[in-house]
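Colleague: below is the sequence, then the predicted model.
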Amino acid sequence: MNPVIVIDTREQAPYAFDAARAQSIRAALPAGDYSLAGLETVVAVERKSLDDLVATVIRGRDRFHRELKRLAAYDAACVVVEGGMDDVLARRYAGGAHPNAVLGAVVSIVVDFAVPVYFCSNRPIARTFVQEYLLRFHEKAGRP
């Protein structure tokens with residue numbers, strides 16, 4: 001039986017995963033946007049578009065820090081960004097935040113919360129990364 005990827009009900013732009021490799025369901029998750037059925041408090045991925053990342057780390061910092069604290073307690077959790085670091089440095093995002101402020105916030109996520117941030121160039125690459133991350137965790141967890 002294929003793994004079941006859980007997509008949070010609040011996820012506004014859900015990924016469509018390869019149905020030959022994993023099933024997908026929508027359900028409320030305690031943290032993150034994507035997880036695995038039966039492992040919802042063990043593994044999670046928080047997806048961010050580049051514009052959303054910038055808005056979140058600059059204007060929504062307190063709420064996002066609460067989310068990061070929850071993710072930090074998981075066995076495996078990460079933030080996946082649909083954009084590259086070069087996009088941050090070139091200010092290819094909405095809003096007037098300085099790239100150094102965005103970079104500093106990303107470094108804080110990694111160092112202060114021990115939650116890795118993966119810049120995945122674009123949405124299709126980010127979707128592939130999320131799928132492979134969750135499937136690898138499923139395999140490592142020894143799930144059937």
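Modeller: That came through, no problem. Predicted model only: the values in this text are computed from it and were never measured.

Colleague: got the CA coordinates for stretch 134-144 in CSV?
Modeller: As requested, the backbone C-alpha atoms of stretch 134-144 are provided in CSV (Å, rounded to 0.1, in the frame of the first residue of the first chain):
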residue,chain,number,x,y,z
LEU,A,134,8.0,12.5,3.0
LEU,A,135,8.4,9.3,1.1
ARG,A,136,12.0,8.9,2.4
PHE,A,137,10.8,9.5,6.0
HIS,A,138,8.0,7.0,5.5
GLU,A,139,10.6,4.4,4.3
LYS,A,140,13.0,5.2,7.2
ALA,A,141,10.1,4.9,9.7
GLY,A,142,9.6,1.3,8.4
ARG,A,143,6.0,1.9,7.5
PRO,A,144,4.4,-0.7,5.2
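
Colleague: what is the mean pLDDT for stretch 26-42?
Modeller: Stretch 26-42 shows an average pLDDT of 98 in the prediction.

Colleague: contacts for that stretch, please.
Modeller: With C-beta atoms under 8 Å, 6 or more residues apart in numbering as the contact definition, stretch 26-42 has outside contacts at 3-11, 14-15, 25, 43-47, 67, 70-71, 74-77, 130, 134, 137-138, 141, 143. C-beta: built from backbone N, CA, C; applies to glycine.

Colleague: now swap in stretch 10-23 and tell me
Modeller: When contacts are taken as C-beta under 8 Å, 6+ apart, the neighbours of stretch 10-23 outside the stretch itself are 2-5, 7, 24, 26, 28, 33-34, 47, 49, 126-127, 130-131, 134-135.
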